[in-house]
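Q: Kindly generate the corresponding structure for this input.
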Amino acid sequence: MTTSVHQFLCLTDNYGVLVHDSKTGATAAVDAPEAGPILAALDEKGWKLTDLLITHHHADHIQGAPELKARFPELTIVGPAKEVARIPGLDTLVGEGDTVRVGSLEARVIETPGHTTGHVAYYFEEDEFVFCGDTLFSLGCGRAFEAPYAVLWSSLLKLAALPAETQVYCGHEYTEANARFALTIESGNAILRDRAEHVAALRAEKRPTLPTTIGLELAANPFLRAEEPPVKAAVGMPDADPEDVFAEIRSRKDRFKG
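A: Below you'll find the predicted structure:
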């Protein structure tokens, strides 16, 4: 296997990620929350940055890009075509179904609007991992800032349809807080309870809870389980359409203070 993935914290709770192809020496960063930790990770690994894959326009995902470009002038910055006006310095614009190459590695672009209107994810099918930014979180999902809840639900369904073993890299370390909310929806879910305990133990040791997998999320993440009868019943909507159930869950999370 020629692929290595290195994950590390940026800012307060963002994750930086490097994807390295040992066959060609190419290395991509996924998003650029801040340049310092990315540069430190590159130095630690002895890798040279060749590509930057941007998921969406929020400052905590792009603000490190200018410094990275200054350090690596040949860096190719890839990002969503639908957000080109809000992401300075994009070299390559991508949308649904496009292919992105990092050396010999290949990623398919999946448009996942909802959190922002042009948000994208990068799915490395052969390597079985996906970088989903702020659309899907471990035991949670992003806020629907720029689109109706139904749009975000459709985007989550795209990610949920990936193979169960797909490793999921998210933009933030939110799992412990997400678990507290998830238990208010589906406290009887034994898999969720076990996940919550495991997550609490990891965070007590300041260890990451990511990556997760699509299979784990389908079993315990209430935002992916809006079609399930126990979840529908828990929010008092046993006969509702899943997208309406999802909207209710997401609106509850927006108000959640736990």
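Q: which SSE is Tyr15 in?
A: Tyr15 belongs to strand 14-21 when assigned by DSSP states H and E.
Q: could you say what helices and strands that strand packs with?
A: In this structure, strand 14-21 packs against strand 3-10, strand 27-30, helix 35-45, with contacts taken as 3 or more C-beta pairs under 8 Å, 6 or more residues apart in numbering; DSSP states H and E. C-beta here means a position set from N, CA and C on the backbone, and glycine is covered the same way.
Q: In contact with the closest residue to Gly79 other than its chain neighbours, which residues are there?
A: Closest residue to Gly79 in three dimensions, ignoring its sequence neighbours and counting by C-beta to C-beta, 6 or more residues apart in numbering: Ile54, at 3.6 Å. For Ile54, the contacting residues are Asp31, Ala32, His61, Ile62, Ala65, Ile77, Val78, Gly79, Pro80, Ile87, Leu90, by C-beta atoms under 8 Å, 6 or more residues apart in numbering.
Q: ok, the third one touching Ala32?
A: Yes: counting by C-beta atoms under 8 Å, His61 sits close enough to Ala32 to count as a contact (6.9 Å).
Q: Can you show me the strands along the chain?
A: With DSSP state E as the criterion, the chain has strands at 3-10, 14-21, 27-30, 51-53, 76-80, 92-94, 99-102, 105-111, 120-124, 129-131, 136-137, 140-141, 167-169, 212-213.
Q: possible to save these as JSON lines with mean pLDDT?
A: Formatted as JSON lines, the strands of the chain follow (pLDDT from 0 to 100):
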{"stretch": "strand 3-10", "mean pLDDT": "98"}
{"stretch": "strand 14-21", "mean pLDDT": "98"}
{"stretch": "strand 27-30", "mean pLDDT": "98"}
{"stretch": "strand 51-53", "mean pLDDT": "98"}
{"stretch": "strand 76-80", "mean pLDDT": "98"}
{"stretch": "strand 92-94", "mean pLDDT": "98"}
{"stretch": "strand 99-102", "mean pLDDT": "98"}
{"stretch": "strand 105-111", "mean pLDDT": "98"}
{"stretch": "strand 120-124", "mean pLDDT": "98"}
{"stretch": "strand 129-131", "mean pLDDT": "98"}
{"stretch": "strand 136-137", "mean pLDDT": "98"}
{"stretch": "strand 140-141", "mean pLDDT": "98"}
{"stretch": "strand 167-169", "mean pLDDT": "98"}
{"stretch": "strand 212-213", "mean pLDDT": "98"}
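Q: And those strands: which comes nearest Ser187?
A: Taking C-beta to C-beta as the criterion, Ser187 comes closest to strand 140-141 out of these, the separation being 16.1 Å.
Q: Adding distance to Ala204 and neighbour count, write the contacts of Ile54 out as a markdown table.
A: Putting the contacts of Ile54 into a markdown table (distance: C-beta to C-beta, whole Å; neighbours: other C-beta atoms under 10 Å) gives the following:
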| residue | distance to Ala204 | neighbour count |
| --- | --- | --- |
| Asp31 | 27 | 27 |
| Ala32 | 30 | 26 |
| His61 | 28 | 25 |
| Ile62 | 32 | 24 |
| Ala65 | 34 | 24 |
| Ile77 | 37 | 21 |
| Val78 | 37 | 23 |
| Gly79 | 36 | 28 |
| Pro80 | 37 | 28 |
| Ile87 | 37 | 20 |
| Leu90 | 40 | 21 |
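Q: If I look at Gly258, what pLDDT would I see?
A: You'll see Gly258 listed with a pLDDT of 73.
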